[in-house]
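1. below is the sequence, then the predicted model.
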Amino acid sequence: MSFYTIPEDDDDVELGQKLRILREQKSWTLAQASEFAGISLSHLSAIENGTRPNPSFFVVVKLAQAYGVPLEYFLDRPENDPDDDLQVASEATQTYQEIAKRLVEDKALDDPSKLLEAIAKYLRDRSAKYDHDN
């Protein structure tokens, strides 16, 4: 059984709407969600209301952690579109997801030194993989 319900038309739902749906499913107040995610109440409210539709990467990762959903829940799904430009976006999204997972696993979001260390390790690993593949 899933911890959350993703609407059928998920691709058409904005980030703020997704957050509100998750919050309501958990019966959390905005203040509780803000506390669990570690972001300000006004910031979360602005995201939910659509007045701040593009929060930072770190905020999105914190929200995914707080709600217990995969980061992919908040991302657009460009791979459904055959346009070549979207293929590049899909690859970028995959990289974004890999970095996000690594930062969450390393608990590096709240510690700048851990954050830089985790990003540097990720880049070294990618470079080594690229060198190995070529």
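-> Received the coordinates, thanks.
2. what's the next secondary structure element after the worst-scoring helix or strand of the chain on mean pLDDT?
-> Of the helices and strands making up the chain, the lowest-confidence element is helix 84-105, at a mean of 62, by mean pLDDT, DSSP states H and E. For helix 84-105, the succeeding helix or strand toward the C-terminus, using DSSP states H and E, is helix 112-133.
3. residues in contact with that next one?
-> For helix 112-133, the surrounding residues in contact (C-beta atoms under 8 Å, 6 or more residues apart in numbering) are 98, 99, 102, 103, 106, 107, 108, 109. Backbone N, C-alpha and C define where each C-beta goes, glycine included.
4. was I right about residue 18 contacting residue 71?
-> No: because the distance of 12.0 Å does not satisfy C-beta atoms under 8 Å, residue 18 is recorded as not touching residue 71.
5. nearest to residue 48, out of the contacts of helix 112-133: which one, please.
-> Closest approach between the contacts of helix 112-133 and residue 48, by C-beta to C-beta: residue 109, at 20.7 Å.
6. I'd like to know how many residues surround the closest one.
-> A count of nearby residues for residue 109, using other C-beta atoms under 10 Å, gives 19.
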